[in-house]
Structure formats: C-alpha cells, structure tokens
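> Sequence and computational prediction follow.
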Amino acid sequence: MADDLTIQTGGKERGIVINDDWPGYSLELFNYPKHYSGDLECVYIPHGVIMDRTERLARNIMGDLGDHDIVVLCVLKAGYQFCADLVERIKALSRNSDHTLPMSVNFIRLKSYVNDQSTEDLHIVGAEDLSFLTGKVSSPAAIVDTGKTMKTLLKHVEAFRPKMIKVAGLLVKRVPNSSGCLPDYVGFEIPNRFVVGYALDYNEYFRDLNHICVISESGKLKYKV
Ligand SMILES: O=P(O)(O)OC[C@H]1O[C@H](OP(=O)(O)OP(=O)(O)O)[C@H](O)[C@@H]1O
C-alpha cells in the first residue's frame, strides 16, 4: 500500500503515503452496499485502516493540545464522519489517561465541487459568526485537494483571532495545482484520483459507503449532473 510510513516534510507530517501505482483492493474482498455495484473501481483505503490511523491522529492531537480547552470546528459535509470518529477517539483517550482534552464541537460548511471538478465558486454556507472561537481550534476536514477550501477556511477563522488553529485532514491529495496549504495532522497522502466514501461524495452520492474507494467511469456517468 505504501512504501514509507510517516515522513516529515517542512516540519509537517505527510501521514501514510500511498504511491501512484497503488491499485487498491479488489471489491470482491470487502462488503459494500449493493446499490453501488458497478459504480466503483476498487477499495482504496479500507474502513478499518481509516479507523486505526484516526486513533493515532487522536493521540498526536492529545499530545500536542492535551489539558487545554479546544473548539472542534467540523468542516461539512465531507468532514462529518472523520470529525465524529476523531472526537470519539480523543474522548476515549481522555477517559483512559491522566491527560484530558475538554472539547466543544461546532460546524462550518464550505462547498466548491461539481462532478469531479473543484470550482472557483467556493462559498461558506450557514452560520458565519465564529466569535466563539477565542481559544484553541482544531478543525477536522475530510480531504485537502487543491487546498482552496482550507485556505478560505483559515482566512475566515483567523479573522476571529483564536489563540491557535490546528487543521486535521484525513486525506491530502498530490495535485499539480496545490495551493501549498497543508494540514497540521494528515491521515493519508494520496495520488490524484477521485475517491469517494467515508462521507466523501460525488454529487452527494457515496457518503453512505464505509471504505474510501475509487469511483469507476460508469459511476461518474451515472451520477453526473
Ligand atoms: O482542497 P479543495 O480543492 O478546496 O477541495 C477539498 C474540499 O472539497 C470537498 O468539498 P465539497 O465542495 O465537495 O463539499 P462537501 O464537503 O459538502 O462534499 C471536500 O469536502 C473538501 O472540503
């Protein structure tokens, strides 16, 4: 799956690096909803691996931010599953160690994708008043692709002058048009392939899939708008 595990670049960890030639696992090896048969090419990152990596990210966050109050700002929609699982694991660590991390959870929605393309039309949907962000903020997002969403998010959040902002991204994609904006905590660095599942969508489909999978060409055609 990956040749080298955690690697440091410019002080930031790249997470589990998945190489360009990673073919994924055959769909036959896993369970997935029948309504998506024919729509997927392979299982790219199985759900269990996502869970194990998230557990480690929770430990890293706890180590860096433990014993301080934090506001978790979940980036919707795709970030909801990662945020929920990350918070769950931080809660478990808080229960089982001498260190603790009191958290409150809030939500923000940013939208830019249509079909498999990131559009220029990036907007924040819903509550924009983040005046409650005075302390330390940890923001879990599902995927950083070009980084435009993360850049916009950081600009918006910084305007409310929080003491510290840390971004956790489950996936970072290797794309040629990257803004260079990288999360502080990264689950996986992946090739430039359009992945769905674990709340990542293609025109709102596939959020109800546990594994992260590569969508097939026929899947793209079927759900195109
Ligand atoms: O790095 P970028 O190129 O900006 O892309 C990453 C963003 O794109 C997706 O959001 P999308 O607009 O599809 O909305 P969603 O989260 O509601 O699915 C994803 O959830 C990230 O937030």
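Now that the structure is in, tell me what you want to look at.
> At the contact with the ligand, which residues of this structure appear?
Counting by Cβ under 6 Å from any ligand atom, the residues of the chain close to the ligand are 75-78, 110-113, 118, 141-150, 201. Every residue, glycine included, has its C-beta placed from N, CA and C.
> Quick check on those residues: which are buried?
75-78, 110, 112-113, 118, 141-150, 201 (16 or more other Cβ atoms under 10 Å).
> So which of the residues you listed are in strands?
In strands, defined here by DSSP state E, the members of these are V75, L76, L110, S112, Y113, S118, A141, A142, I143, V144.
> Identify the residues contacting the nearest residue to the fourth one once chain neighbours are set aside.
For S112, the nearest residue in space outside its immediate sequence neighbours is L122; the separation is 4.1 Å by Cβ to Cβ, 6 or more residues apart in numbering. Applying Cβ atoms under 8 Å, 6 or more residues apart in numbering, we find L122 in contact with L110, K111, S112, K148, T149, T152.
> so what does the longest helix along the chain touch, helix or strand wise?
What stands out as the longest helix in the chain, according to DSSP state H, is helix 47-65. Contacts defined by 3 or more Cβ pairs under 8 Å, 6 or more residues apart in numbering; DSSP states H and E place helix 47-65 against helix 80-96, strand 136-144, strand 164-173, strand 185-190.
> please redo it, this time with the cut-off set to 10 Å
strand 16-17, helix 80-96, strand 136-144, strand 164-173, strand 185-190, strand 212-215 (3 or more Cβ pairs under 10 Å, 6 or more residues apart in numbering; DSSP states H and E).
> Flag whichever of the contacts of L122 scores worst on pLDDT.
For the contacts of L122, the model is least confident at S112; its pLDDT is 74.
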